[in-house]
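K.L.:
Can you look at this prediction? I've put the sequence above it.
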Amino acid sequence: MNDQERIGWVNNQIDELLKELSVGKESEIISNEFSPDIEVELDPVAVAVYDYLMGIVAATGNPENMQVMLELYRLSGKPKTEKEIYNQIAVASMWFMINRPEAYYKLISGLFSRLGQGQEFKDFLLFLFF
């Protein structure tokens, strides 16, 4: 997949994800959770994707939480695998890299240390950066 194809694919994936998310009507100032003095104003779509990404990263940073998340997806009637969840993290992260690079740099780039070191995480990194 070349760069233009990947950008189109990522944007299509986010369009599908946004159908499941609640998008507000106003921009918000978001602070970096590790450095609260670093702030970025995000538009409503970016806030929805950011909130989703932060929630899913928090849940996947712990194996027990991942199992709870997988069960919640199953109970919702929209089951997902662990690989699909990591791919969603990759898609949301790539969307920020492409569409909101300043926000990615200031808010998101440091999050990946929380995801663990298992094979699914390694697959995620390969997908994200290559």
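P.N.:
Here it is on my side, so go on.

K.L.:
going forward, measure contacts and count neighbours with C-alpha atoms only.
P.N.:
Fine.

K.L.:
Just say helix, strand or coil for the residue sitting furthest away from the middle of the chain.
P.N.:
What lies farthest from the middle of the chain is residue 37; by CA atoms, centre = their mean that is 22.1 Å. Classification of residue 37 using DSSP: H, G, I helix; E, B strand; the rest coil returns coil.

K.L.:
Could you list which residues are in contact with it?
P.N.:
Going by CA atoms under 8 Å, 6 or more residues apart in numbering, residue 37 touches residue 31.

K.L.:
roughly how far apart are it and residue 43?
P.N.:
Counting by CA to CA, to the nearest Å, the gap from residue 37 to residue 43 is 19 Å.

K.L.:
Same check on residue 75?
P.N.:
Distance, residue 75 to residue 43, using CA to CA: 31 Å.

K.L.:
ok, now residue 57?
P.N.:
21 Å.

K.L.:
can you check residue 12 too?
P.N.:
In terms of CA to CA, residue 12 sits 19 Å off from residue 43.
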